[in-house]
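Chemist: I'll drop the sequence and a predicted model, then ask my questions.
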Amino acid sequence: MSEHAPSVPADDSVGIVSPQKFHFDTPLPLACGRQLNHWDLMVETYGELNADASNAVLICHALSGNHHAAGYHAPDDRKPGWWDSYIGPGKPVDTNRFFVVALNNLGGCHGSTGPTSIDPDTGRVWGPDFPVMTVEDWVDSQAVLADRLGIQRWAAVVGGSLGGMQVLEWSTRYPERLLHAVVIASTPKLSAQNIAFNEVARQAIMSDPEFHNGHYLEQETIPRHGLRLARMVGHITYLSEHSMGQKFGRDLRADKLNYSFGVEFQVESYLRHQGDTFSERFDANTYLLMTKALDYFDPAGAYGGDLVKALEVAQCRFSVFSFTTDWRFAPARSEELVNALVAAGKRVSYACIDSPHGHDAFLIPNERYQAVFTATMDLIWQQQAGAASCAQI
Amino acid sequence: MRADLDIINNWVAQGSRVLDLACGDGELLAHLEQRGVAGYGLEIDPNNITACIRRGVDVLEQNLDEGLDNFDEQSYDTVIMTQALQVLRRPDLTLDEMLRVGREAIITFPNFAYWRCRAHLALKGRMPVSKTLPHHWYDTPNIHLSTFADFERLCDAKQIRIRDRAVGNSQYEAHWVSHLWPNLFGEVAIYRVCR
């Protein structure tokens, strides 16, 4: 097996893609009370928008994701976009049919305005002074992007994990602007345990001497060590005990124990490697901000904790998928959402997919997941065709 | 359309809200939807769940043996369950749940006192295998087989009222003998019950 992608992408790949930067001078009021006056979004699109702009699908990314959801940026890219298994010609999110939009959220570190961007008011890097973003803010910015692209209503908004939260927010914040919400491996709010893990990750970053209260870029350094630890902790919560056991067991790197504190087990080496690569490509302030957005998300909060009431305004159909070994956002959390949707009388389907891969399962090829996701997208295709012909009458 | 589904279709009022427990591939719900009936199917088989979604039927992956806690009391007009009573761990408790959530329940199941079953057991001395009961004793999902008489007795004990009953052969075709002696000549039945 080659480590490198084939120079000619497979038939079911969107192929070579290039991101576009959209600039906005529309002031964006934020939940924290501040506003962004000038902002950029890094966007990739796949497929063609049809004449009545009814075939658009928005893909919302999770904590460390970005706009590069499918295809390759260059023929020698080692890896495709983060959701390439599910987006492409003939794949569940079929780019022969749908116009797929993926973006890097505000506060990100892959081209959209975020802590590593220059604050136009000061001429300096935003760093820790970048406003704390919420899922609501992201959805508002995505709605402005939809306006720019000429998309009045999405055929579907789709996302996993933190992306699923954005999907849920879309359904209540702009109920008339989507036909279908696909919420995967997500939750209507974080549990105390989820918040606790996020806090450990934040503490790891903030206690790194290279953090400099978030002003590390001005010091021409990065809190590499803290970011690495944060990723290691996060990564453990994305996998299941079973998948870690399968992948590494108790395998040693050498053939005997050293009786020292160096890296001995394969799992240690793997986590360090994950942490190392992550700390090179991800911004620490963005990581802090993304985990905060996760912690804050609670659509029921404004309704005295009543999720059913919070969902009443939704008009779209819902599809909710969870994975059996996901202990970060366990099936029970998806079921909490499904039950609230049922109680609110919303149209919803729910599948709990058998997978050994824990939370990461939503990114990984899986026969049943592919079947049920494809059936859902087929249904969405019919829905948008029906809605489009209604609109003509 | 399957004959049993046709009968059920006639028993469900236009525009009502239903739950279909063990809804299979969603055929009944898809049919009911054309008459303005809305609701959810509950199913645990992955292929059936995908088939439901393909038809546009709202389906929830849920194990009936774990109850219907997630549905409010009397929140549905009719709770339907076709050909699943005999596979449940506690059919009696599920029946209670159905009538807690629904104002009415429609249930179908095979009759173990059907004359062929009786003959099979009496003459061959072996557990019956037939079109409606196609499994061997060791691999059957049917862990709580019963007869019409058993079911009616259970209803009686629980003070559940039987509003309607349709008895027939495996194709749900009624015959004068199955009218006269349903527990002997009826192979399958559809009951419509309420409290």
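Modeler: Looks like it arrived, so ask away. Residues are numbered from 1 along each chain as shown, chains lettered A, B, ... in the order given.

Chemist: from here on, just use CA atoms for contacts and neighbour counts.
Modeler: Noted.

Chemist: which other residues reach the worst-scoring helix or strand of chain B on mean pLDDT?
Modeler: Least confident helix or strand of chain B, by mean pLDDT, DSSP states H and E, is helix B:176-180 with a mean of 75. Contact partners of helix B:176-180, identified using C-alpha atoms under 8 Å, 6 or more residues apart in numbering or on different chains, comprise B:167-168, B:184-186.

Chemist: how about 10 Å then?
Modeler: With contacts defined as C-alpha atoms under 10 Å, 6 or more residues apart in numbering or on different chains, helix B:176-180 is touched by B:114, B:166-169, B:182, B:184-187.

Chemist: for the helix or strand following it, packing partners?
Modeler: Elements were assigned by DSSP states H and E; along the chain past helix B:176-180, the next helix or strand is helix B:182-185. If you count contacts as 3 or more C-alpha pairs under 10 Å, 6 or more residues apart in numbering or on different chains; DSSP states H and E, helix B:182-185 packs onto helix B:115-119, helix B:148-157, strand B:161-168, helix B:176-180, strand B:188-194.

Chemist: before we move on, the earlier item: weed out the non-buried ones from the contacts of helix B:176-180.
Modeler: B:114, B:166-169, B:182, B:184-187 (16 or more other C-alpha atoms under 10 Å in any protein chain shown).

Chemist: helices of chain A, start to end?
Modeler: Secondary structure of chain A (DSSP state H): helices located at A:135-149, A:162-173, A:192-206, A:224-238, A:241-247, A:266-281, A:284-296, A:307-311, A:331-343, A:367-392.

Chemist: tell me where the chain is predicted with low confidence.
Modeler: Since no chain was named, I'll use chain A. A:1-8, A:391-393 (pLDDT under 70).

Chemist: oops, chain B please
Modeler: Those would be B:1, if you go by pLDDT under 70 across chain B.

Chemist: ok, now with 90
Modeler: B:1-7, B:9-10, B:83, B:109-121, B:127-134, B:166-189 (pLDDT under 90).

Chemist: got the residues of it near chain A?
Modeler: Residues of chain B lying close to chain A (C-alpha under 10 Å from any C-alpha of the partner chain) are B:38-47, B:49-62, B:69-72, B:75.

Chemist: from the residues you listed, which land in helices?
Modeler: Short answer: those in helices (DSSP H) are B:46-47, B:49-55.

Chemist: which of these are buried?
Modeler: Buried among these (16+ other C-alpha under 10 Å): B:46, B:49-55.

Chemist: where does B:Ser170 fall, helix, sheet strand or coil?
Modeler: Per DSSP: H, G, I helix; E, B strand; the rest coil, the secondary structure class of B:Ser170 is coil.

Chemist: that one and A:Phe248: what is the separation?
Modeler: Computed with C-alpha to C-alpha, to the nearest Å, the distance linking B:Ser170 and A:Phe248 is 54 Å.

Chemist: then A:Val93?
Modeler: Where A:Phe248 is concerned, A:Val93 sits at a distance of 33 Å (C-alpha to C-alpha).

Chemist: so for these two, which sits in the more crowded spot?
Modeler: A:Val93 (26 against 15; other C-alpha atoms under 10 Å in any protein chain shown).

Chemist: burial check on the spatially closest residue to the more buried one that is not a sequence neighbour, number of neighbours?
Modeler: Once flanking residues are discounted, A:Val93 sits nearest to A:Ile87: 4.8 Å by C-alpha to C-alpha, 6 or more residues apart in numbering or on different chains. By the measure other C-alpha under 10 Å, the count of residues near A:Ile87 is 24.

Chemist: give me the domain ranges for chain A.
Modeler: A:20-189+A:302-391, A:195-291 (the TED database).

Chemist: winner for burial among the ones you listed?
Modeler: Compared across the domains of chain A, domain A:20-189+A:302-391 shows the largest average neighbour count, a mean of 21 (mean count of other C-alpha atoms under 10 Å in any protein chain shown).

Chemist: chain center to that one, what's the gap?
Modeler: Centroid separation between domain A:20-189+A:302-391 and its chain, computed with C-alpha atoms, centre = their mean, to the nearest Å, is 7 Å.

Chemist: check the stretch 1-150 of chain A for the residue nearest chain B and tell me.
Modeler: A:Pro92 (12.9 Å; C-alpha to the nearest C-alpha).

Chemist: now do the contacts for that residue.
Modeler: With contact set as C-alpha under 10 Å, 6+ apart, A:Pro92 has these partners: A:85-86, A:369-378.

Chemist: what would these look like in CSV with distance to A:Leu178?
Modeler: Putting the contacts of A:Pro92 into CSV (distance: C-alpha to C-alpha, whole Å) gives the following:
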residue, distance to A:Leu178
A:Ser85, 24
A:Tyr86, 20
A:Tyr369, 23
A:Gln370, 22
A:Ala371, 23
A:Val372, 20
A:Phe373, 18
A:Thr374, 18
A:Ala375, 18
A:Thr376, 15
A:Met377, 14
A:Asp378, 16
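
Chemist: check these against chain B, which are close?
Modeler: Applying C-alpha under 10 Å from any C-alpha to the contacts of A:Pro92, those adjacent to chain B are A:369, A:371-378.

Chemist: can the residues you listed go into TSV with extra columns for distance to A:Asn213?
Modeler: Formatted as TSV, the ones next to chain B among the contacts of A:Pro92 follow (distance: C-alpha to C-alpha, whole Å):
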residue	distance to A:Asn213
A:Tyr369	43
A:Ala371	47
A:Val372	46
A:Phe373	43
A:Thr374	46
A:Ala375	48
A:Thr376	46
A:Met377	45
A:Asp378	49
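
Chemist: and of those, the nearest to A:His359?
Modeler: Nearest to A:His359 among the ones next to chain B among the contacts of A:Pro92 is A:Tyr369, at 13.4 Å by C-alpha to C-alpha.

Chemist: if I look at the closest one, how far off is A:Ser349?
Modeler: 14 Å.

Chemist: likewise A:Arg173?
Modeler: Distance from A:Arg173 to A:Ser349, by C-alpha to C-alpha: 21 Å.

Chemist: can you give me the offset of stretch A:281-301 from its chain's centre?
Modeler: 11 Å.

Chemist: please disregard the earlier target; I meant stretch B:120-139.
Modeler: That offset, for stretch B:120-139, works out to 20 Å (C-alpha atoms, centre = their mean).

Chemist: stretch A:260-269 now?
Modeler: 31 Å.

Chemist: just the CA atoms of it, as PDB, please.
Modeler: Taking Å, rounded to 0.1, in the frame of the first residue of the first chain, the C-alpha atoms of stretch A:260-269 are listed here in PDB:
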ATOM      1  CA  SER A 260      11.900   3.900  32.800                       C
ATOM      2  CA  PHE A 261       9.500   6.700  32.000                       C
ATOM      3  CA  GLY A 262      10.100   7.000  28.300                       C
ATOM      4  CA  VAL A 263       7.700   5.900  25.600                       C
ATOM      5  CA  GLU A 264       7.300   2.200  25.800                       C
ATOM      6  CA  PHE A 265       3.800   1.200  24.800                       C
ATOM      7  CA  GLN A 266       2.600   1.700  21.200                       C
ATOM      8  CA  VAL A 267      -0.400   3.600  22.500                       C
ATOM      9  CA  GLU A 268       1.900   6.200  24.100                       C
ATOM     10  CA  SER A 269       3.800   6.600  20.900                       C
END
